[in-house]
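Enquirer: here's a sequence, model it:
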Amino acid sequence: ARDALGKEKAALAAAHDEQAKLANERKAQADALAKGAAELVAIRDALVKEKAALVTARDEQAKLANEHKVRIEALGAQLEEQTGKTNALLMTRDNQTLLLSERDSQIHQFEAEYSENLARLRLMQDELVKGEAQIELIKDLLLREPGL
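Expert: As a prediction, this is how the structure comes out:
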């Protein structure tokens, strides 16, 4: 019976050693899993931070894009306004050019009339001088006549 107890004790000790070995293996696995889980948590936390940074960067880019869009629209409105002013100035210039052309035409017409009137005046002066000379001649002839 003692031998049977010794064998049983040895079997129990071997089973205990086996259980202790399995427990150590399980503890090592649990530690490895815990370490892996901690690494995953760290990776997840890093990814969450990176995602938050990317979201912030995206939001800033969207804000900048919106500001650029507003600025582009404002510049477009300014361009349209300046284009309208330019077109109005071009129309005014064209009207002024037309008026200037009409004035030039009138000036040329007045100059032609002036030249014509000046020529007529000279002819009239010449005729007047001739007429005065003829009057003087007639006067001289009449004054020379005896009886007058």
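
Enquirer: who's in contact with stretch 107-119?
Expert: Counting contacts by C-beta atoms under 8 Å, 6 or more residues apart in numbering, no residue outside stretch 107-119 touches it. Any C-beta I mention is one placed from the backbone N, CA and C, and that applies to glycine too.

Enquirer: tell me the buried residues in it?
Expert: Buried residues in stretch 107-119, counting neighbours by 16 or more other C-beta atoms under 10 Å, are absent.

Enquirer: the residue nearest in space to the middle of the chain sits in which helix or strand?
Expert: Compute the mean C-alpha point of the chain, and by C-alpha atoms, centre = their mean the closest residue is residue 75, 4.5 Å away. Secondary structure assignment for residue 75, by DSSP states H and E: helix 2-144.

Enquirer: could you pull up the mean pLDDT of that helix?
Expert: Regarding helix 2-144, the rounded mean pLDDT is 96.

Enquirer: that one: how far from the chain's middle?
Expert: Distance, stretch centre to chain centre, for helix 2-144: 2 Å (C-alpha atoms, centre = their mean, to the nearest Å).

Enquirer: sweet, I'm off.
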